[in-house]
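Q: model this:
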Amino acid sequence: MDKTGTMGDIVIVNRRDGKRELRNAEALLTGLAVSCAGRIVREVFFDTLSLRDQAATMQAADVVLAIHSAGSINLMFMRPGTTFIDLLPPRGTNYQPTMLALAQRFQVRFFTMPLIEDDW
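A: Here you go, the predicted structure:
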């Protein structure tokens, strides 16, 4: 929620490269839209956005779910008090301490969520 009391977006940052793509994004979007009625829930692909648009997307969001990647650095554009959920691949390295430190620096709540093979 911003200073005016407006609820921000819920954003899923996905990829289309086949390596780190969230396969069940459509089901996740539907579930979030039902659970969070009245909120804007959307999926974005940062590979199609300029850095300015990536920053604006993060700035408008109250909650961001993103597959762990270099693009997660964009959490630095989020407003203090918002939430970033780092989706961890089932067979990947957990870089949580680095991302957690970055989130703390920008006062963003940070959570990790391991993905199961079916999600990936």
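Q: from now on I want contacts and neighbour counts done on CA atoms only, so please keep to that.
A: Noted.
Q: ok, residue 16 to residue 88 distance?
A: 16 Å (Cα to Cα, to the nearest Å).
Q: which element is encountered next along the chain beyond the helix or strand of the chain with the lowest mean pLDDT?
A: Lowest by mean pLDDT, DSSP states H and E among the helices and strands of the chain is helix 25-35, with a mean of 79. Later in the chain than helix 25-35, the nearest helix or strand by DSSP states H and E is strand 41-45.
Q: ranges for the helices of the protein?
A: Remark: helices assigned in the chain by DSSP state H are 25-35, 51-60, 96-105.
Q: let me know the pLDDT of residue 93.
A: pLDDT, residue 93: 59.
Q: make that residue 68, sorry
A: 84.
Q: measure it to residue 34 for me?
A: From residue 68 to residue 34 the distance is 25 Å (Cα to Cα).
Q: looking at those two, which is more packed in?
A: residue 68 (25 against 12; other Cα atoms under 10 Å).
Q: so where's the chain shaky on pLDDT?
A: 1-7, 18-19, 92-96, 117-120 (pLDDT under 70).
Q: again, only this time at 50
A: 1-2, 4-5 (pLDDT under 50).
Q: returning to that earlier point: kindly export the least confident helix or strand of the chain (C-alpha atoms) in CSV.
A: Extracted in CSV, the C-alpha atoms of helix 25-35 (Å, rounded to 0.1, in the frame of the first residue of the first chain):
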residue,chain,number,x,y,z
ALA,A,25,2.5,-19.2,-14.0
GLU,A,26,-1.1,-19.2,-15.4
ALA,A,27,-2.4,-21.3,-12.5
LEU,A,28,-0.5,-19.1,-10.0
LEU,A,29,-1.9,-15.9,-11.6
THR,A,30,-5.5,-17.3,-11.4
GLY,A,31,-5.1,-18.4,-7.8
LEU,A,32,-3.7,-15.0,-6.8
ALA,A,33,-6.4,-13.1,-8.6
VAL,A,34,-9.1,-15.1,-6.8
SER,A,35,-7.3,-14.9,-3.4
